[in-house]
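**Q** predicted coordinates and the sequence they were generated for:
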Amino acid sequence: MQAAVWYAAKDLRVEEAAVPEVRDSHEVKVKVVACGICGSDLHEYAAGPIFIPVGAPHPISGEQAPIIMGHEFAGEVVDVGDKVTRVQVGDRVAIEPILSPNKDGAYLMERYNLTPELGFHGLSGGGGGFSEFTVLGEHMVHKLPDALSFEQGALVEPAAVGLHAVRQSSLKAGDSAVVFGAGPIGLMTIEALKAAGAAQIYAVEVSDSRKAKAESLGAVVIDPKQDEAVEKLQALSSGGVDVAFEVTGIPEVLNQALHSTHAGGETVVVSIWEGEASFQPNDLVIKERTMKGIIAYRHIYPAVMALMEQGYFRVEDMVTQRIPLADIVDDGFEALLNDKSQIKIIVTP
């Protein structure tokens, strides 16, 4: 089969790989139909390794680079182990790619995304969605409702990040919020804020196309090239928002997010960072603000798919291009690095 294999930063190769087979009673073989390119994938391609194991195998996948990439995907079940009960051959499924200690088709930890051994199928070995087939534990597959397409299924993973960020925040119905960065996860966070009942949502973004997307989803957009973002937010929100979500991974933006909240406000850091960032602790202390981070998600796929059935996290709002696997480097990763009009690119193996 064909697969996109990561060897090093800026060295992603589409090449022949062995077709994986079910070897465990609780494993499921999936024929991949649609796989999105994630911001985390882009970080690995541009400046990795971050989650990709190099030098030693990942403790759960048992693999190290070179590894097959792709962790935002959906497909069809084509084979199952003899003890699998969650799905059967022919089922359409969305994949929850978290690698965390598991046994007999279930995660062992309640907060399984917080394991020190955290990894991701498609980033940490074990196969991935940028291939024709992959094999996973049954705890990682979720049946897609009939109303949702495979492309919609590929959006469940990034939507889960946005929904988890909002659910882990202190935001209550009627509160105000700002999202710094209107890329795919930022847009998903805006949608999650709408679902959570935020009364006013702001978005800070420089890309014209992404500003338009955020505005179409109901956010009041601020361009930091035209206005001083913190001053504008403080003025529009009468002293600061209740919760700020940082979704850029840019050090200066972390400080902007912090200062955009009122006394007692909260900043949620959603980004994966390529380097260090600094802030003045007194900016938290003097105004009794809080800052917290979130990683991935847990126990949230059913809620995401239920919201999708209500019209949230729509393919029409997120997907800007569809490409075959053979073109993933130039028309996928390089396009996302160089063309900020792109939001979500779907790869079809």
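**A** Nice, I can see it.

**Q** put the alpha carbons of the helix or strand of the chain with the lowest mean pLDDT into CSV.
**A** One helix or strand of the chain scores below all others by mean pLDDT, DSSP states H and E: helix 39-47, with a mean of 91. Listed next in CSV are the C-alpha coordinates belonging to helix 39-47 (Å, rounded to 0.1, in the frame of the first residue of the first chain):
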residue,chain,number,x,y,z
GLY,A,39,-1.3,21.7,12.8
SER,A,40,0.6,19.2,14.9
ASP,A,41,1.5,17.4,11.6
LEU,A,42,2.7,20.7,10.3
HIS,A,43,4.9,21.3,13.3
GLU,A,44,6.4,17.8,12.9
TYR,A,45,7.0,18.4,9.2
ALA,A,46,8.5,21.9,9.6
ALA,A,47,10.4,21.5,12.9
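
**Q** buried sites along that helix?
**A** For helix 39-47, the neighbour count (16 or more other Cβ atoms under 10 Å) marks 39, 40, 41, 42, 43, 44, 45 as buried. All C-beta spots, glycine's among them, are computed from the backbone N, C-alpha and C.

**Q** and the third one, what does it touch?
**A** Going by Cβ atoms under 8 Å, 6 or more residues apart in numbering, residue 41 touches 69, 70, 71, 122, 123, 333.

**Q** quick one: low-confidence ranges for this protein?
**A** For the chain, applying pLDDT under 70 flags no range at all.

**Q** what residue is smack in the middle of it?
**A** residue 158 (3.3 Å; Cα atoms, centre = their mean).

**Q** where do the helices of the protein begin and end?
**A** 39-47, 150-154, 156-168, 184-196, 208-216, 229-236, 251-259, 282-285, 301-309, 315-318, 334-338 (DSSP state H).

**Q** ok, and the closest non-adjacent residue to residue 161?
**A** Nearest residue to residue 161 in three dimensions, chain neighbours excluded: residue 185, at 5.4 Å (Cβ to Cβ, 6 or more residues apart in numbering).

**Q** for residue 60, same thing?
**A** residue 99 (4.4 Å).

**Q** and if you look at residue 209?
**A** residue 341 (3.9 Å).

**Q** how much space between the residue of the chain most remote from its centre and residue 264?
**A** Of all residues in the chain, residue 286 has its C-alpha farthest from the mean position, at 33.2 Å, by Cα atoms, centre = their mean. Distance, residue 286 to residue 264, using Cβ to Cβ, to the nearest Å: 11 Å.

**Q** and residue 75, by the same measure?
**A** Residue 75 is 45 Å from residue 264, by Cβ to Cβ.

**Q** now render the contacts of residue 41 as JSON lines, adding neighbour count.
**A** Formatted as JSON lines, those follow (neighbours: other Cβ atoms under 10 Å):
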{"residue": "69", "neighbour count": "30"}
{"residue": "70", "neighbour count": "31"}
{"residue": "71", "neighbour count": "27"}
{"residue": "122", "neighbour count": "33"}
{"residue": "123", "neighbour count": "29"}
{"residue": "333", "neighbour count": "21"}
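
**Q** burial measure for the residue nearest to residue 60, as a count.
**A** By other Cβ atoms under 10 Å, the residues close to residue 99 number 27.

**Q** what's it in contact with, if anything?
**A** 58, 60, 61, 117, 118, 119, 120, 121, 124, 126.

**Q** not counting its neighbours along the chain, what's nearest residue 249?
**A** In space, residue 249 is closest to residue 271, 3.7 Å off (Cβ to Cβ, 6+ apart).

**Q** try residue 63
**A** residue 125 (2.9 Å).

**Q** how near is that neighbour to residue 285?
**A** From residue 125 to residue 285 the distance is 42 Å (Cβ to Cβ).

**Q** swap in residue 343?
**A** In this view, residue 343 and residue 285 are 38 Å apart by Cβ to Cβ.

**Q** so these two - more neighbours on which side?
**A** residue 343 (20 against 9).

**Q** distance to residue 211 added to the buried residues of helix 39-47, as CSV?
**A** CSV is the format used below for the buried residues of helix 39-47 (distance: Cβ to Cβ, whole Å):
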residue, distance to residue 211
39, 18
40, 23
41, 24
42, 20
43, 23
44, 27
45, 25
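
**Q** for those, which one is nearest residue 181?
**A** residue 39 (9.4 Å; Cβ to Cβ).

**Q** roughly how far apart are that closest one and residue 46?
**A** Taken as Cβ to Cβ, the span from residue 39 to residue 46 is 10 Å.

**Q** and residue 10, by the same measure?
**A** For residue 10 relative to residue 46 (Cβ to Cβ), the value is 7 Å.

**Q** with residue 160 instead?
**A** Distance, residue 160 to residue 46, using Cβ to Cβ: 23 Å.

**Q** re the thing from before, my read: the residue nearest to residue 161 touches residue 246, true?
**A** No: taking contacts as Cβ atoms under 8 Å, residue 185 lies outside contact range of residue 246: 10.7 Å.

**Q** so what sits against both of the two?
**A** Contacts common to residue 185 and residue 246, judged by Cβ under 8 Å, 6+ apart, are residue 270.

**Q** neighbour-wise, which of these two wins?
**A** residue 246 (28 against 24).

**Q** OK, contacts around that one?
**A** Taking Cβ under 8 Å, 6+ apart as the test, what residue 246 contacts is 180, 181, 253, 254, 257, 267, 268, 269, 270, 271.
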